[in-house]
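K.L.:
Need a 3D model of the following:
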Amino acid sequence: MSDLLVTNIGQLVTNDPARGGLLGLIDRAAVAVLDGDVAWVGSEDDLPPDYLALATVDAAGAAVVPGFVDSHTHIIFGGDRSDEFARRLAGETYEEILSAGGGIHSTVEATRLASGSELFDAAAARAGRMLAAGTTTVEIKSGYGLDIDTEAKLLGVAARIDAELPIDVVPTFLGAHVVPAEYRDRRDEYVELICTQMLEACAPLAAFCDVFCDQAAFTVAESRRILDAAAGRGLGLRLHADQLGHVGAAALAADLAAASADHLDHATAEDLAAMAAAGTVAVLLPGVSYSMRLSYPDGRSIWDRGVMVAIATDCNPGTAWIETMPFVIALASLHLGLTPEEALWAATRGGAAALLLEDRGHVSVGALGDLVILDAPSYLHLPYRPDSDLVAAVVKRGVPV
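P.N.:
Have a look, this model is predicted:
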């Protein structure tokens, strides 16, 4: 059943600018969902009587927010890298571990050895925990195969999660994560492989192509070549940009009018101005800074420069095994310089914008009926109580899940 009436909402976050302010708050609200989409939203005092016949969920005076949109994750992988976590704590850098054959390379080795069913079982469990924490749409990248068959297998697992779990999956091809070990001295051949056979196999399974354009990954020239080939196959464009150093990746994202540039720890004012002009969304990932004990991106400056901002978990086995968007909202409020209002908006409507999805991230007539009922009277409790499970219930396309 995808028809539902949610009543007795103490505070509703709509993200509808027509209702005033960034979050479009409505007190003592109700929301009606028909066929999975929002059909009516407003003050409960104004609720049309026709909707009273719908199955009803009583929010008991709690706050309700749009379903979270996690726009950057790597949740399909084999093995784990807890040993590398300890090595980083002891002083080794990410780049040192990667150059020694660890990091992404070690996850690639474990992922290639895992069966599709093993990868699905582990990733579906992660996606289920994300859903329970309020994430109703999740972007999932490949990138731990780095060969044609495994990359296609990872995107197939993402499709199975989308089909079998009540969470929407946006699949992204990330064959350009790093150059695999077997191509270390033949990187031009690997770039050519991505642009031809790998994209031929993987583009039909993906919505976006992402490239890790950074130190120890792919150059701007290599990234442009890959993204041009992906665009030629109809994929949207995204970049891991200027995380480890400034290489010009954010500027490339703007030049290509990419949907998003993610990380941006070392982006310049000029980069951000170009992104704002191009409409490229900045996806900030504070969980990486938290896990790796690095300086946080200046979210305040990015927002104030007119760049649309999203925040995401970057859930992955090496640098941020974080599955819950409420914790990321708290990090963004405490460490990125965003206000609680901005952080919540970035976790919902901002995340949807990064994935070019206009039908979610807000509670408006015609939007998906994706709602999170909090065990709290206000959305402010999300950053205020970062160690609490504040998600009382999740509604996906009008169905309580």
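K.L.:
quick one: pLDDT of the spatially most central residue of the chain?
P.N.:
Geometric centre of the chain, nearest residue: residue 71, 1.8 Å, by CA atoms, centre = their mean. pLDDT recorded at residue 71 is 98.
K.L.:
any idea how far residue 219 is from it?
P.N.:
According to CB to CB, to the nearest Å, residue 71 stands 25 Å off from residue 219. Using the backbone N, CA and C atoms, a C-beta is placed for each residue, glycine as well.
K.L.:
for the residue nearest to the centre of the chain, what are its contacts?
P.N.:
Residue 71 is in contact with 139, 170, 260, 283, 310, 312, 350-352, 354-355, counting by CB atoms under 8 Å, 6 or more residues apart in numbering.
K.L.:
Between those residues, which sits nearest residue 365?
P.N.:
Distances from residue 365 to the contacts of residue 71, taken as CB to CB, are shortest for residue 352 (16.2 Å).
K.L.:
To which secondary structure element type does that closest one belong?
P.N.:
helix (DSSP: H, G, I helix; E, B strand; the rest coil).
K.L.:
after the helix or strand of the chain with the lowest mean pLDDT comes which helix or strand?
P.N.:
The least trusted helix or strand in the chain, going by mean pLDDT, DSSP states H and E, turns out to be helix 94-99, with a mean of 85. Proceeding N to C from helix 94-99, the next assigned helix or strand is helix 104-113, under DSSP states H and E.
K.L.:
Tell me which residues of that following helix come out buried.
P.N.:
104-109, 111-112 (16 or more other CB atoms under 10 Å).
K.L.:
helices or strands up against it?
P.N.:
Contact here means 3 or more CB pairs under 8 Å, 6 or more residues apart in numbering; DSSP states H and E; on that basis helix 104-113 packs against helix 148-164.
K.L.:
average pLDDT for the next helix-or-strand element following the helix it packs on?
P.N.:
Using DSSP H and E, the helix or strand that directly follows helix 148-164 along the chain is strand 168-176. Mean pLDDT, strand 168-176: 99.
K.L.:
ok, now stretch 104-122?
P.N.:
Rounded mean pLDDT across stretch 104-122 is 96.
K.L.:
Identify the residues contacting that stretch?
P.N.:
76-79, 81, 84, 98, 143-147, 150, 153-154, 156-157, 160-161, 177-178, 180-181, 317-318.
K.L.:
Quick one, which of those residues are buried?
P.N.:
Buried among the contacts of stretch 104-122 by 16+ other CB under 10 Å: 76-79, 81, 84, 98, 143-147, 150, 153-154, 156-157, 160-161, 177-178, 180, 317-318.
K.L.:
buried sites along the helix or strand hosting residue 10?
P.N.:
Using DSSP H and E, the element containing residue 10 is strand 4-12. Within strand 4-12, the residues that count as buried by 16+ other CB under 10 Å are 4-12.
K.L.:
which helices and strands sit right next to the least confident helix or strand of the chain?
P.N.:
For helix 94-99, the elements it packs on are helix 82-89, judged by 3+ CB pairs under 8 Å, 6+ apart.
K.L.:
by how many degrees do the helix it packs on and helix 104-113 diverge?
P.N.:
Between the axes of helix 82-89 and helix 104-113, defined by axes from the mean of the first three to the mean of the last three CA atoms, to 10 degrees, the angle is 180 degrees.
K.L.:
Could I have the CA atoms of helix 82-89 written out in PDB?
P.N.:
Coordinates of each C-alpha in helix 82-89 appear next as PDB, following Å, rounded to 0.1, in the frame of the first residue of the first chain:
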ATOM      1  CA  SER A  82      40.700  -2.200  10.100                       C
ATOM      2  CA  ASP A  83      44.400  -2.900  10.100                       C
ATOM      3  CA  GLU A  84      45.000   0.200   8.000                       C
ATOM      4  CA  PHE A  85      42.900   2.200  10.400                       C
ATOM      5  CA  ALA A  86      45.400   1.300  13.100                       C
ATOM      6  CA  ARG A  87      48.300   2.000  10.800                       C
ATOM      7  CA  ARG A  88      47.000   5.500  10.200                       C
ATOM      8  CA  LEU A  89      46.500   6.100  13.900                       C
END
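K.L.:
Run through the neighbouring helices and strands of it.
P.N.:
helix 94-99.
K.L.:
Run through who's touching the helix it packs on.
P.N.:
84, 87-88, 103-105, 178, 215-216, 244, 292, 319.
K.L.:
how about the residues you listed, which pair is most distant?
P.N.:
Maximum pairwise distance among the contacts of helix 94-99 (CB to CB): 19.0 Å, between 87 and 215.
K.L.:
hmm, back to that, can you give me the buried ones in the least confident helix or strand of the chain?
P.N.:
94, 97-98.
K.L.:
tell me which of those is nearest to residue 337?
P.N.:
residue 94 (23.9 Å).
K.L.:
how about residue 92, secondary structure?
P.N.:
Under three-state DSSP, residue 92 falls in the coil class.
K.L.:
Neighbours of it, how many?
P.N.:
14 (other CB atoms under 10 Å).
K.L.:
cool, residue 273 as well?
P.N.:
Other residues close to residue 273 by other CB under 10 Å number 15.
K.L.:
Number of residues surrounding the residue nearest to it when sequence neighbours are not counted?
P.N.:
Distances taken as CB to CB, 6 or more residues apart in numbering put residue 305 closest to residue 273, at 6.6 Å, once the chain neighbours are dropped. The tally of other residues near residue 305 (other CB under 10 Å) stands at 15.
K.L.:
Figure out how far the least confident helix or strand of the chain is from the centre of its chain.
P.N.:
Here helix 94-99 is found 25 Å from its chain centre; the criterion is CA atoms, centre = their mean, to the nearest Å.
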